[in-house]
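S.K.: how would this look folded up:
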Amino acid sequence: MEPARKTIGVLALQGAFREHRRMLDGLGADTRLVRWPGELEGLDGLVIPGGESTAIAKLLDIHGMYGPLRAAHGRGMAVFGTCAGAILMARDIEGARPDQEPLALMDVRIRRNAYGRQIDSFETTVPFAGVEGGPVKAMFIRAPRFADLGSGVRVLSAADDGEPLAVREGRALAVAFHPELTDDVRVHAYFLGSVVGA
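M.R.: As a prediction, this is how the structure comes out:
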C-alpha cells in the first residue's frame with residue numbers, strides 16, 4: 001500500500017516561499033501556501049522560508065499567526081525553518097528589534113546576520129546527518145549562527161570548525177542556510193521523511 005501523501009504548508013508572507021513549494025511539489029508532497037491561521041488546519045508540516053526575519057515577524061503578528069502556529073506545532077505539526085525561518089523558530093534572537101517576538105519552537109539562541117552582509121553570500125557543500133549521497137548543497141545569505149543549544153537539540157550539520165549549521169529538536173528542524181536556492185532536494189526530503197514522518 002502506498003504511504004499517504006503529506007500535506008505541507010509553506011508560510012507565504014515574505015521570502016523564498018515559491019522555491020520551497022517547488023521542491024516539495026517535486027518530492028510528491030501536497031503543498032499549500034499559508035498566510036492566515038485557518039490555513040494551518042490539516043497540515044502535517046510547515047516550512048518557514050528565508051527572507052527578512054523582521055518583516056516576517058511583523059506580518060506574523062498582523063496576520064494573527066503567533067498563537068495558532070505555536071498551537072499547531074504543539075499538536076504535532078512539524079516545522080522546518082531556513083535562515084530567517086530558523087531565526088524565528090528560536091527561543092531567543094540576538095540582534096533582534098525589541099518588538100520582534102520569537103516563535104520559541106526550539107530551545108536555541110540564534111544570532112542574526114552572523115555571516116556578514118548580502119555581498120558576503122556564498123554557496124558551498126556541508127555534511128548532513130541522516131542524508132545519503134555525501135554533503136548537501138547550501139547557500140549562505142546573511143546567515144544566522146546557532147549561538148546556544150538546549151540539551152534536547154541535536155546538531156545534524158556542522159562546519160569544519162564545529163559551528164552548527166543545522167539542528168533538530170523533535171518535530172522542529174532549523175538550518176542556517178538556504179537549501180531551496182540550490183538544485184539539491186535532499187534536506188527537504190529529510191524533512192518529509194524523518195521529521196514529518198517521525
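S.K.: just the strands in this structure please.
M.R.: 7-11, 30-34, 45-48, 78-82, 92-94, 108-111, 122-126, 136-140, 145-149, 154-158, 164-169, 172-175 (DSSP state E).
S.K.: measure the residue most central in space within the chain to Glu169 for me?
M.R.: Nearest to the mean C-alpha position of the chain, by C-alpha atoms, centre = their mean, lies Gly81 at 0.9 Å. Gly81 sits 12 Å away from Glu169, going by C-beta to C-beta, to the nearest Å. Any C-beta I mention is one placed from the backbone N, CA and C, and that applies to glycine too.
S.K.: show me where this protein dips below the pLDDT cut-off.
M.R.: 1-4, 113-120, 198 (pLDDT under 70).
S.K.: in it, which spans are helices?
M.R.: 17-26, 53-62, 66-74, 84-89, 186-190 (DSSP state H).
S.K.: I'd like to know which of those helices is closest to Ala147.
M.R.: In terms of C-beta to C-beta, the element of those nearest to Ala147 is helix 84-89, at 11.2 Å.
S.K.: may I have the phi/psi pair for the residue nearest to Cys83 when sequence neighbours are not counted?
M.R.: In space, Cys83 comes closest to Gly50 once its chain neighbours are excluded; the distance is 3.4 Å by C-beta to C-beta, 6 or more residues apart in numbering. In terms of degrees, to the nearest 10, the main-chain angles of Gly50 are phi -70, psi 160.
S.K.: returning to what we had before: got CSV for the strands of the chain, with distance to His188 too?
M.R.: Formatted as CSV, those follow (distance: least, C-beta to C-beta, whole Å):
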stretch, distance to His188
strand 7-11, 9
strand 30-34, 11
strand 45-48, 8
strand 78-82, 8
strand 92-94, 24
strand 108-111, 21
strand 122-126, 15
strand 136-140, 10
strand 145-149, 20
strand 154-158, 14
strand 164-169, 12
strand 172-175, 10
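S.K.: of the ones you listed, which is nearest Pro102?
M.R.: strand 92-94 (5.2 Å).
S.K.: what are the pairing partners of that closest one, and which direction each?
M.R.: strand 108-111 (parallel) (DSSP bridges).
S.K.: contact partners of the partner strand?
M.R.: 86-87, 89-95, 144-150, 153, 167, 169, 174 (C-beta atoms under 8 Å, 6 or more residues apart in numbering).
S.K.: residues touching Arg168, list them.
M.R.: In this structure, Arg168 makes contact with Val153, Arg154, Leu156, Ala174, Val195, judged by C-beta under 8 Å, 6+ apart.
S.K.: state the distance from the second one to Arg112.
M.R.: Pointing back at Arg154 there. Per C-beta to C-beta, Arg154 is found 23 Å from Arg112.
S.K.: with neighbour numbers in mind, choose between those two.
M.R.: Ranked by neighbour count (other C-beta atoms under 10 Å), Arg154 and Arg112 place Arg112 first, with 20 against 14.
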